[in-house]
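Undergrad: Have a look; sequence and predicted model below, questions after that.
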There are 2 protein chains.
Amino acid sequence: MNNSIKRMATMQRMQVTGLELFYKKGYYNTSVDDILKELSLSKGAFYYHFDSKEDFLIQIIDNLIVRRVYSMLIEPIEGHDNPLDLITNCFDNALETAVHNEMDYGFILNNLIAEFNGKNSTVMKHLTDILKIWEVNLVTALQKGKFNGFIDRHVDCEGVATYLMSSFIGIRTLMTDVAPSARKYRFMAQLRQYFKSIELKPENV
Amino acid sequence: MNNSIKRMATMQRMQVTGLELFYKKGYYNTSVDDILKELSLSKGAFYYHFDSKEDFLIQIIDNLIVRRVYSMLIEPIEGHDNPLDLITNCFDNALETAVHNEMDYGFILNNLIAEFNGKNSTVMKHLTDILKIWEVNLVTALQKGKFNGFIDRHVDCEGVATYLMSSFIGIRTLMTDVAPSARKYRFMAQLRQYFKSIELKPENV
DNA sequence: TACAAAAGAGACCTAATAGTCTGTTTAACT
DNA sequence: AGTTAAACAGACTATTAGGTCTCTTTTGTA
């Protein structure tokens, strides 16, 4: 087996387990030993591959979390269809996984931001960078929708993007509470209601 | 000075400082000694008044946080005026404090939920109880608005409440990032847009 | 096979932290 | 003033956690 490949495989295993535990128990509440125990690995292995626990987290953010956000929230809204439909379906799917996962701990980005805000600006930068990427892609999709005649030309795309991100982050927090399925249903209905108010109506043409 | 009053005063001081530090640095990242150092008090004082750090947090939640949510998010929406106006002003004010506070760490309820979800069901119950109180009051205000002819009768009040809570929790997270003032402005504009879609329109009478 | 570097094991160190315990001070009450 | 209990001080303990260091094993290569 190639050196580099083995190295990558081990690092990947560690990061996957690390993310899982950080998601479940939080960063400060998960020890390096917890992760290593789960993998039957030792301290030596961990500090051979990563400089520190913080370095480990940052790599998880820049690799795993970025990819998840891309595949779950960004790629689904790319395309030439009505962005309001694309976003509706995208949110629907993203929330559905939360409904079916009895062990749901919310939106990982929100959890980490809540844990690191004001404490660690380095980690925060990596987290907010992902939010920025999401925001930029939302705005782009909405503007394209405006150009293609799906969205009213008076609509403020930045504003809609902010509102969408807010509501998504918030509903993920609420869904960790009780009756996530009912919460999702109500949320999606109101999202559609909101979208109806910004779509290009025939009488406005 | 009366015994009981002195006791209450000291406990109050501890709780106020405790909440401040938990808000700034998070619960797990704040030690009991940190709080005591800030107050020039000793371990003996702390454990004389509180059973444990967790007991201390729960008392903070049930006293200080509950009151803040009441005064900031619940009392302002009580009354017989148009609830959509009341809620708009309420959110505007609640977000304004975040704008002017350079050291903003988001919505305390969201931060704590993110930190305790899946880890400590006792603490979680106290947190989600507050969310429930908020939700009930929102629904009541909206239903009253329906009855008084401010809101369209087809509107699902539970759904609107969920959507409002979600967006508020989310925008508070986003406002900790960059340009909170611009974020707030955009958010409020979209909130009004959304409200226009559920208000009782003259042609619907 | 021989060798060198990569990968990993695990004992150990140090700092921090929740909680305990004993002793001292303060304040209320007779 | 004297007594008693509340209120507090602060040293101490047990445990945990991040990180280091040395030694061993595995693996690619000549």
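TA: Sure thing, it's come through. Numbers count the residues shown, from 1 in each chain, chains lettered A, B, ... in the order given.
Undergrad: tell me the domain ranges of chain A?
TA: Following automatic domain parsing, chain A resolves into domains at A:1-50, A:52-204.
Undergrad: List the contacts of residue A:61.
TA: A:112, A:123, A:126, A:127, A:130 (Cβ atoms under 8 Å, 6 or more residues apart in numbering or on different chains). For every residue, glycine as well, the C-beta is placed using N, CA and C.
Undergrad: again, 6 Å this time
TA: Residues in contact with residue A:61 (Cβ atoms under 6 Å, 6 or more residues apart in numbering or on different chains) are residue A:126.
Undergrad: Spell out which parts of chain A neighbour DNA strand D.
TA: A:1-3, A:6, A:30-34, A:43-44, A:47, A:52-54 (Cβ under 7 Å from any atom of the strand).
Undergrad: Show me what the helix or strand bottoming out on mean pLDDT in chain A is packed up against.
TA: Here the helix or strand of chain A ranked lowest by mean pLDDT, DSSP states H and E is helix A:3-25, holding a mean of 90. Here helix A:3-25 is seen to pack against helix A:32-39, helix A:53-60 when contacts are counted using 3 or more Cβ pairs under 6 Å, 6 or more residues apart in numbering or on different chains; DSSP states H and E.
Undergrad: related to what we said a few turns ago, point out the most buried one among the domains of chain A.
TA: domain A:52-204 (a mean of 18; mean count of other Cβ atoms under 10 Å in any protein chain shown).
Undergrad: and that one, what's its mean pLDDT?
TA: For domain A:52-204, mean pLDDT rounds to 95.
Undergrad: what about it, near DNA strand C?
TA: No - in terms of Cβ under 7 Å from any atom of the strand, no part of domain A:52-204 sits within range of DNA strand C; the closest distance is 11.9 Å.
Undergrad: How far off centre is that domain?
TA: Centroid separation between domain A:52-204 and its chain, computed with Cα atoms, centre = their mean, to the nearest Å, is 7 Å.
Undergrad: rewinding a little: distance to chain B for the helices and strands packed on helix A:3-25 - can I get that in TSV?
TA: Shown next, in TSV, are those (distance: least, Cβ to the nearest Cβ, whole Å):
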stretch	distance to chain B
helix A:32-39	13
helix A:53-60	13
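Undergrad: Is it possible to get a markdown table of the ones you listed that adds distance to residue B:65?
TA: Converted to a markdown table, those look like this (distance: least, Cβ to Cβ, whole Å):
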| stretch | distance to residue B:65 |
| --- | --- |
| helix A:32-39 | 30 |
| helix A:53-60 | 28 |
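Undergrad: for chain A, what spans make up the helices?
TA: A:3-25, A:32-39, A:43-49, A:53-60, A:66-69, A:83-100, A:108-116, A:121-147, A:157-174, A:180-196 (DSSP state H).
Undergrad: which residues sit against the second one?
TA: Among residues not part of helix A:32-39, those counted as contacts by Cβ under 6 Å, 6+ apart are A:17, A:18, A:21, A:46, A:53.
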